[in-house]
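>>> Sharing a sequence plus its predicted fold:
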Amino acid sequence: MRNARSVMRKPGNPFIITGYHSPAYFCDRQEELSWLVEQFDNERNMVLFAWRRLGKTALVHHFFYHLEKHHKADTVFVDLLGTANLSDAHKRIVNAILNKFGDLQKGIGAAFKKLLSSLNATIGFDPLTGAPQLTVGHASSQMVAASFDTLGAFLSERKQPVIICIDEFQQIVEYPEHGVESMFRTWMQNFPMLRFVFSGSHRHMMVSMFSDKSRPFYRSAQILPIDALDQVEYSKFIRAHFKKSGKIIDEAIIEFIFSWTKMLTYYVQLVCNHLYARGDSINAKALSEVFETIIQQYSHQFQYYQQLFTSFQWKLLSALAKEEEVKNPLAKEFIFRYQLGAASSVNTALKALTKKEFVIHHDGIYSLQDPLFMRWLQKI
Ligand SMILES: Nc1ncnc2c1ncn2[C@@H]1O[C@H](COP(=O)(O)OP(=O)(O)O)[C@@H](O)[C@H]1O
Ligand SMILES: [Mg+2]
């Protein structure tokens with residue numbers, strides 16, 4: 001991993017929109033990084049949560065980059081996005097750990113073979129490239145519990161501390177198997193020398209998982225909510241990257257980007273990425289063309305969303321989008337302006353939209369979770 005990174009080429013566009021490159025292309029998060037390092041140094045497990053696309057995953061990679069660079073830990077990153085059951089999660093975990101530590105090319109020794117068989121994993125060869133390939137079979141809950149023990153023991157014996165990030169951890173709540181939370185909790189408890197970072201997009205679910213007295217993970221980790229990036233720092237970062245290629249971007253343009261994207265990191269990056277790619281000067285006209293291009297790119301997806309809602313829910317979404325922020329969606333004035341009928345219907349629809357996380361209720365304000373979707377709805 002470390003070698004792969006050190007030879008990584010410079011990105012053609014400094015505004016990265018997928019994954020993590022290196023600290024030079026990552027803005028700020030100094031406080032969050034120090035907090036994470038402090039938890040790590042003191043053997044505490046950590047929980048990160050925020051809405052999607054604010055930068056949790058990138059922050060974990062930034063933290064791991066720091067740990068690897070200073071030889072403080074070996075890092076393992078597991079993404080549970082799209083997993084539907086415990087066996088899927090197990091596959092991802094075994095894959096991540098063995099790809100990191102097991103040398104698949106030559107490590108076919110007896111000990112490694114034994115480890116593989118206890119994990120229900122085999123090594124085959126890619127028919128096209130001939131490269132060794134790991135296959136992890138389906139595992140029952142019991143097998144997963146045993147496998148967690150084997151992996152825990154394997155990782156705890158290593159000289160360097162090992163830290164494992166389980167990203168999109170809220171996924172485990174959806175698994176059909178019983179006692180999944182307890183199983184993960186037991187894994188964590190049985191191997192106190194392994195460090196865990198649990199990261200998730202579902203704010204409420206993550207908080208209740210770790211702060212609800214009746215749940216296995218209650219108070220088992222330190223919690224850090226991730227907010228939008230600091231505007232002053234982000235503005236400096238953007239200007240500096242433009243300046244490096246001889247381009248000047250006005251403060252007013254940056255402010256416009258921040259308000260249009262509502263500071264959602266991914267969209268700020270996306271707008272800057274497009275703006276940077278243009279050869280012409282950076283002015284309000286160029287910016288509005290970029291906004292338009294981006295909205296167009298997503299419009300198929302947004303149109304498809306309509307199928308997910310009743311026509312009333314869609315109407316309410318559209319009203320919320322037009323207002324951008326609504327303190328009291330049950331107030332007469334709002335209902336009247338958008339012809340929404342009875343407050344009780346608004347209330348029911350609002351609950352459904354919040355549950356689906358298309359609408360968020362934060363600091364007493366209702367708004368759409370996805371600012372680009374909001375911009376699109378404002379236009380139709
Ligand atoms: N601090 C940052 N500086 C620059 N780009 C960032 C930063 N944080 C996130 N990004 C970029 O924003 C996008 C979304 O971040 P990501 O970590 O995937 O969000 P999340 O995991 O919260 O959904 C990614 O393309 C990432 O490269
Ligand atoms: Mg993520």
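Everything's here; your move. Ligands and ions are numbered 1, 2, ... in the order given.
>>> Ligand 1 contacts on the protein?
Contact residues, the chain versus ligand 1 (Cβ under 6 Å from any ligand atom): 16-19, 26-29, 50, 52-58, 229, 265-266, 269. The way it works is simple: take the backbone N, C-alpha and C, and place the C-beta from them, glycine included.
>>> For PyMOL, what selects the buried ones among those residues?
Remark: buried members of the residues of the chain next to ligand 1, expressed as a PyMOL selection using 16 or more other Cβ atoms under 10 Å:
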select buried, resi 16+26+27+28+29+50+52+53+54+55+56+57+58+229+265+266+269
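>>> among the residues of the chain next to ligand 1, which are in helices?
K56, T57, A58, T265, Y266, Q269 (DSSP state H).
>>> excluding its backbone neighbours, what's nearest the fifth one?
In space, not counting the residues next to it along the chain, Y266 is nearest to R53; the distance is 3.7 Å by Cβ to Cβ, 6 or more residues apart in numbering.
>>> what sits against the one you found?
R53 is in contact with L264, T265, Y266, Y267, counting by Cβ atoms under 8 Å, 6 or more residues apart in numbering.
>>> R239 too?
I249, I254.
>>> Next up, identify which helix or strand it is on.
Assigned by DSSP states H and E, R239 falls within helix 231-244.
>>> What of S199?
Using DSSP H and E, S199 sits within strand 195-200.
>>> Quickly run through the sheet partners of that strand, with directions.
Using DSSP bridges, strand 195-200 pairs in its sheet with strand 46-49 (parallel), strand 162-167 (parallel).
>>> could I get those as JSON lines with mean pLDDT, mean neighbour count and distance to F373?
Shown next, in JSON lines, are the strands paired with strand 195-200 (pLDDT from 0 to 100; neighbours: other Cβ atoms under 10 Å; distance: least, Cβ to Cβ, whole Å):
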{"stretch": "strand 46-49", "mean pLDDT": "95", "mean neighbour count": "24", "distance to F373": "21"}
{"stretch": "strand 162-167", "mean pLDDT": "98", "mean neighbour count": "24", "distance to F373": "23"}
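>>> one step back: give me the buried stretch members for the helix holding R239, please.
Counting neighbours by 16+ other Cβ under 10 Å, one finds that the buried residues in helix 231-244 are Y234, S235, F237, I238, R239, H241, F242.
>>> Would you point out which residue of the stretch 1-150 of the chain is nearest ligand 1?
Scanning the stretch 1-150 of the chain for proximity to ligand 1 using Cβ to the nearest ligand atom identifies G55 as nearest, at 2.8 Å.
>>> so how far is F63 from that residue?
Distance from G55 to F63, counting by Cβ to Cβ, to the nearest Å: 12 Å.
>>> Now do Q105, the pLDDT please.
Listed pLDDT for Q105 reads 61.
>>> typo on my end, it should be G109
In this model, G109 is scored at 65, pLDDT.
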